[in-house]
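[1] Sharing a model that was predicted from the sequence below.
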Amino acid sequence: MSHFDALAPDYDRLRPAGEGWQELAGRTLAALEGARRLLDVGCGTGRFAVLAAERLGGRVWGVDASDEMLREARSRPGAERVGWRRADAAELPFKPGWFDAVHSHLVLHLVADRAAAVTEIARVLGPGGRVVVGTFAPAPTSSPIVNQAKCTQSCGGIRCSCNQRPTMHADSGERN
């Protein structure tokens, strides 16, 4: 059992969707507006994935490495609008270029192989796709996709620009 499997039943109570979460979710949804196929990497209990499915109107998939987090996600009201898959961020079970947007919030700093996760995000993201990542880590990879200071560099085939707020580092990109 993983750490997040044990936390899953109480996760939303322990991390409520307060004003800060609502503000960030709104900014993230605005950055993802028009996405027809969105992947939420490390979706946890599905809070953002369900909200994105409701607000964006496109198809949303949520992936998480924790079976128990996915159990919670599948039981959330509105969960039937989201496709749920168990997967590690470094091994995403989707075709190359399938998504036009990828979201990952407070996940990359927890991934053992961050470079592989970023490479996978780039692999499943189609040309002109957008990426929104929120992380605590100031440099989640050796060639950062979400490092505020170096946000214009390329990583894993994605060129990024960044929003200068520390809670939402990368907000768009395209495959090279």
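    Arrived safely, thanks for sending. Residues are numbered from 1 along each chain as shown.

[2] What are the neighbouring residues in contact with residue 25?
    Residues near residue 25 by Cβ atoms under 8 Å, 6 or more residues apart in numbering: 17, 48, 51. (C-beta placed from N, C-alpha, C; glycine too.)

[3] Neighbour-wise, which one of those residues leads?
    residue 48 (26 neighbours; other Cβ atoms under 10 Å).

[4] on that earlier part again, tell me the one of the contacts of residue 25 nearest residue 70?
    residue 48 (13.9 Å; Cβ to Cβ).

[5] wouldn't the closest one be in contact with residue 28 here?
    Yes: between residue 48 and residue 28 a contact is recorded at 7.5 Å, counting by Cβ atoms under 8 Å.

[6] Quick check: neighbours shared by those two?
    103, 105.

[7] what stretches of the chain score poorly on pLDDT?
    The chain contains residues with pLDDT under 70 at 1, 5-14, 16, 136-176.

[8] Would you map the helices across it?
    For the chain, the helices defined by DSSP state H occupy 3-7, 11-14, 19-32, 47-56, 67-75, 114-124.

[9] circling back to that earlier point, would a markdown table of the contacts of residue 25 with distance to residue 98 be doable?
    As requested, these are arranged in a markdown table below (distance: Cβ to Cβ, whole Å):
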| residue | distance to residue 98 |
| --- | --- |
| 17 | 28 |
| 48 | 19 |
| 51 | 21 |
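
[10] Out of the residues you listed, the closest to residue 64 would be?
    Using Cβ to Cβ, residue 48 comes nearest to residue 64 of those, at 11.5 Å.

[11] for the closest one, what are its contacts?
    25, 28, 40, 103, 105.

[12] What of residue 84?
    43, 46, 61-63, 70, 73-74.

[13] quick check: longest strand of the chain.
    As assigned by DSSP state E, the longest strand anywhere in the chain is strand 125-134.

[14] For it, enumerate the helices and strands it packs against.
    Contact here means 3 or more Cβ pairs under 8 Å, 6 or more residues apart in numbering; DSSP states H and E; on that basis strand 125-134 packs against helix 19-32, strand 99-105, strand 158-162, strand 170-175.

[15] Can you tell me the strand partners of the second one and which way each runs?
    Sheet neighbours of strand 99-105, with direction, are listed as strand 37-41 (parallel), strand 125-134 (parallel) (DSSP bridges).

[16] Lovely, talk soon.
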